[in-house]
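>>> Could you work out the structure for the sequence below:
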Amino acid sequence: MAGGLVGLLDDVVTLAKLAATSLDDIGAAAGRATSKAAGVVIDDAAVTPQYVHGLAANRELPIIKKIAKGSFRNKLLFVVPVLLILSELLPVLLTPLLMLGGGYLCYEAVHKIWGVVAGHEGGHDSAEEMKSEDEVVSGAIRTDLILSAEIMTIALNEVADEPLVSRGLILVVVAIGITILIYGVVALLVRMDDVGLHLAETRQNGMARFGRGLVNAMPKILSALGIIGTAAMLWVGGHIVLIGLDELGLHGPYDLVHGWEEAIHDAVEGLGGFLAWLTNTAASAVLGLVVGAVLVAVLSLRPGADSGASAH
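Numbers count the residues shown, from 1 in each chain. All right, here's what the predicted structure looks like:
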């Protein structure tokens with residue numbers, strides 16, 4: 001009896017170790033998948049604060065909470081199941097789907113840049129302020145669906161060789177983690193000026209100065225975040241297109257960039273690895289700029305297309 005109990009305990013311990021290892025593997029894979037989607041994550045975090053711009057301070061967090069709930073629904077009820085079905089039944093579609101998403105990122109980035117250059121950015125602010133809270137939330141959730149689909153497709157591409165169950169668990173972990181991260185950061189950003197105002201009213205000179213500095217810095221921080229997000233979209237989108245072309249048999253662009261990487265890596269001692277990565281990043285961004293410019297030009301030819309409209 002004792003021997004049987006010991007054997008059972010040994011089995012339980014072994015199963016526990018296997019489960020722990022599996023969880024570690026899932027966590028590690030989720031981390032890798034999330035890092036690959038960093039550009040879209042930054043853009044998502046940069047986009048969302050605009051939906052509460054101009055609203056009463058006491059409504060900011062409730063609206064962000066509603067958008068976050070919608071984001072969870074988008075990912076867990078729609079995006080993840082559809083991607084898992086595709087990856088299991090029609091995996092050949094994943095590369096073209098990923099490239100479509102990459103093209104969308106390039107388009108969005110160039111569209112934003114063109115909006116700034118042409119002076120169209122901000123032209124719809126008054127219309128946005130006239131919308132009801134429900135309309136604002138619905139619009140934000142629709143935008144989130146597009147960005148969520150791209151984030152999860154990038155994540156899936158990183159774990160496409162995993163078994164179906166592991167793939168599903170990894171995507172769920174990524175979906176939950178990224179949503180909490182994005183909307184946690186957004187909530188922090190939109191209330192940071194309130195924190196600054198509170199500190200500015202304190203009687204401690206050092207804290208008051210810090211509070212005033214925080215209030216003054218927040219517009220610049222949000223602006224910088226938007227620029228970083230746009231640059232990340234160009235780089236990530238261009239890199240996705242570059243890799244996708246190679247996987248579909250058009251090897252020229254990838255081989256050219258890879259050749260530059262190797263040449264720089266071998267030519268510079270010490271910093272060769274970083275400079276090689278920088279070369280790939282710059283080349284991907286340039287390709288993203290070209291792809292985005294072509295898409296903006298083509299789509300602007302549509303009847304009734306408004307070159308000044310923002311997709312966000």
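
>>> Apart from its chain neighbours, what residue comes closest to Gly101?
Here the nearest residue to Gly101 in space, its sequence neighbours aside, is Glu150; by C-beta to C-beta, 6 or more residues apart in numbering that works out to 4.1 Å. Heads up, the C-betas are built off the backbone N, CA and C, glycines and all.

>>> Leu234 is in contact with Gly102, correct?
No: at 10.4 Å, Gly102 and Leu234 do not qualify as touching, with contact defined as C-beta atoms under 8 Å.

>>> intersection of neighbour lists for these two?
Counting by C-beta atoms under 8 Å, 6 or more residues apart in numbering, the shared contacts of Gly102 and Leu234 are Gly288.

>>> can you give me the strands in this protein?
The residue ranges that make up strands in the chain, judged by DSSP state E, are empty, as it has none.

>>> Verify the contact between the residue nearest to Gly101 and Cys106 for me.
No: taking C-beta under 8 Å as the definition, Glu150 is not a contact partner of Cys106, at 11.5 Å.

>>> What ranges does the stretch 201-312 of the chain have for its helices?
Taking DSSP state H, counting those that start in this stretch as the criterion, the stretch 201-312 of the chain contains helices spanning 205-247, 252-267, 272-299.

>>> Nearest to Leu76 among those would be which one?
Between Leu76 and the helices of the stretch 201-312 of the chain, the shortest separation by C-beta to C-beta is 23.1 Å, and it involves helix 205-247.

>>> Report all helices and strands that that closest one contacts.
Helices and strands touching helix 205-247, by 3 or more C-beta pairs under 8 Å, 6 or more residues apart in numbering; DSSP states H and E, are helix 38-47, helix 94-118, helix 164-200, helix 252-267, helix 272-299.

>>> what's the average pLDDT for the longest one?
If I follow you right, that is helix 164-200. Within the predicted structure, the mean pLDDT of helix 164-200 is 82.

>>> separation between the nearest residue to Ala293 once chain neighbours are set aside and Gly292?
By the measure of C-beta to C-beta, 6+ apart, the closest residue to Ala293 outside its immediate chain neighbours is Val110, 5.3 Å from it. Separation of Val110 from Gly292 (C-beta to C-beta, to the nearest Å): 3 Å.

>>> Which neighbours do the two have in common?
Residues touching both Val110 and Gly292 by C-beta under 8 Å, 6+ apart: Leu234.

>>> between the two, who's got more neighbours?
Just comparing Val110 and Gly292: by other C-beta atoms under 10 Å the higher neighbour count belongs to Gly292, 27 against 24.

>>> show me what contacts that one?
Contacts here follow C-beta under 8 Å, 6+ apart; on that basis Gly292 touches Gly103, Cys106, Tyr107, Glu108, Ala109, Val110, His111, Leu234, Gly237.

>>> The first one and Leu289, how far apart?
Going back to what we said before, that points to Gly103. Spatial separation of Gly103 from Leu289 under the definition C-beta to C-beta is 12 Å.

>>> which sections of the protein are below the confidence cut-off?
Judged against pLDDT under 70, the low-scoring parts of the chain cover residues 1-57, 120-131, 303-312.

>>> re earlier: ok, which of the helices of the stretch 201-312 of the chain comes nearest Val82?
Judged by C-beta to C-beta, the one of the helices of the stretch 201-312 of the chain that comes nearest to Val82 is helix 205-247, at 18.7 Å.

>>> and the angle for that closest one with helix 164-200?
Interaxial angle of helix 205-247 relative to helix 164-200 (axes from the mean of the first three to the mean of the last three C-alpha atoms, to 10 degrees): 150 degrees.

>>> Tell me how far helix 205-247 lies from the chain's centre.
Here the centre of mass of C-alpha atoms in helix 205-247, compared against the chain's by C-alpha atoms, centre = their mean, to the nearest Å, lies 12 Å away.
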